[in-house]
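# structure here, sequence nowhere to be found:
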């Protein structure tokens with residue numbers, strides 16, 4: 001599960017991985033795994049609480065299923081903040097990226113196509 005959290009200025013929240021060692025320093029969208037008995041939305045809300053200490057409002061889904069390593073897939077939704085200020089609880093750093101800054105960080109390869117899709121959605125909203 002991934003959350004493409006966008007603020008009122010059209011900026012996307014990016015999170016820098018702290019682990020595992022092979023992914024450390026790469027940038028991703030916040031999110032995580034769905035626990036048994038959880039819906040996708042419940043998992044996304046829980047993950048954002050745990051990773052960022054925020055409450056989110058979930059919007060439309062971004063694309064279909066995005067392939068990850070070992071046959072896993074990621075599902076991503078646009079989201080906005082309902083409460084709180086994001087904190088890097090489980091990440092090295094967080095950054096709000098404007099449209100012109102979206103590619104200023106080294107996105108993890110699995111997240112880059114998702115960021116491109118989100119970029120397209122942000123352009124549609126602005127246009």
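Received the coordinates, thanks. Note that this is a predicted model, so its numbers are computed, not measured. Numbers count the residues shown, from 1 in each chain.

# quick one: the closest residue to residue 31 other than its chain neighbours from residue 90, how far?
Spatial nearest neighbour of residue 31, excluding adjacent residues (CB to CB, 6 or more residues apart in numbering): residue 2 at 3.8 Å. From N, CA and C alone the C-beta is placed, and that goes for glycine too. Residue 2 sits 14 Å away from residue 90, going by CB to CB, to the nearest Å.

# same check, this time on residue 77
As judged by CB to CB, residue 77 and residue 90 stand 19 Å apart.

# could you check which of residue 2 and residue 90 has the larger neighbour count?
With neighbours defined as other CB atoms under 10 Å, residue 2 and residue 90 compare such that residue 2 has more, 22 against 15.

# which pLDDT value belongs to the spatially closest residue to residue 32 that is not a sequence neighbour?
Leaving aside its sequence neighbours, residue 32 sits nearest to residue 47 (CB to CB, 6+ apart; 4.1 Å). pLDDT, residue 47: 97.

# ramachandran angles for residue 47?
phi -60, psi -40 (degrees, to the nearest 10).

# what's it in contact with, if anything?
1, 3, 30-32 (CB atoms under 8 Å, 6 or more residues apart in numbering).

# what does residue 16 give?
Contacts of residue 16 by CB under 8 Å, 6+ apart are 25-28, 88, 91-95, 105.

# run the last query once more with 7 Å
The contact partners of residue 16, taken as CB atoms under 7 Å, 6 or more residues apart in numbering, are 25, 27, 91-93.
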